[in-house]
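Q: Structure for this input, please:
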Amino acid sequence: MLYSRFGTKLTPISRQKDAGGRISIQATAEGGGEIHHYAVGDLKADDGMTEINDAVGKLPWRVVETKRQRRDETFR
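A: This next block holds a predicted model:
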């Protein structure tokens, strides 16, 4: 079971890596439906870092759809 640094139970959804190489997860907190981002270093677990690494490793990577820039078709 993963917890936030404040002890709230989390339901992990996905993981992502930023440009600096830091991994974070997207999760919902117990009693709330909103999705929040949590840095792996801010997470807690009953069995410590081993449990956190196992849980994060099993999560799918977050897929971010890139926005296509529209071209003005009149200027070719």
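Q: Do a quick rundown of the strands in the chain.
A: Listed in chain order, the strands of the chain (DSSP state E) span 2-3, 9-17, 23-29, 35-39, 44-45.
Q: list the contacts for the residue positioned nearest the centre of the chain?
A: Centroid check for the chain by Cα atoms, centre = their mean gives residue 25 as the closest residue, at 2.0 Å. Going by Cβ atoms under 8 Å, 6 or more residues apart in numbering, residue 25 touches 2, 10, 12-16, 37-38, 40, 43, 56, 59. For glycine as for every other residue, the C-beta is placed from the backbone atoms N, C-alpha and C.
Q: switch the cut-off to 10 Å
A: Residues near residue 25 by Cβ atoms under 10 Å, 6 or more residues apart in numbering: 2, 10, 12-16, 36-40, 42-43, 52, 55-56, 59, 62.
Q: Now, of the residues you listed, which are buried?
A: 2, 10, 12, 15, 38, 40, 43, 52, 55, 56, 59 (16 or more other Cβ atoms under 10 Å).
Q: how much space between the third one and residue 56?
A: I take that to be residue 12. 7 Å (Cβ to Cβ, to the nearest Å).
Q: If you drop the residues flanking it in sequence, what lies closest to residue 18?
A: Of all residues not flanking residue 18 in the chain, residue 24 sits nearest, at 7.1 Å (Cβ to Cβ, 6 or more residues apart in numbering).
Q: Please name the bridge partners of the one you found.
A: With DSSP bridges as the criterion, residue 24 is bridged to residue 16, residue 39.
Q: that older thread, mind putting the strands of the chain into JSON lines with mean pLDDT?
A: Conversion of the strands of the chain to JSON lines gives the following (pLDDT from 0 to 100):
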{"stretch": "strand 2-3", "mean pLDDT": "96"}
{"stretch": "strand 9-17", "mean pLDDT": "96"}
{"stretch": "strand 23-29", "mean pLDDT": "95"}
{"stretch": "strand 35-39", "mean pLDDT": "95"}
{"stretch": "strand 44-45", "mean pLDDT": "97"}
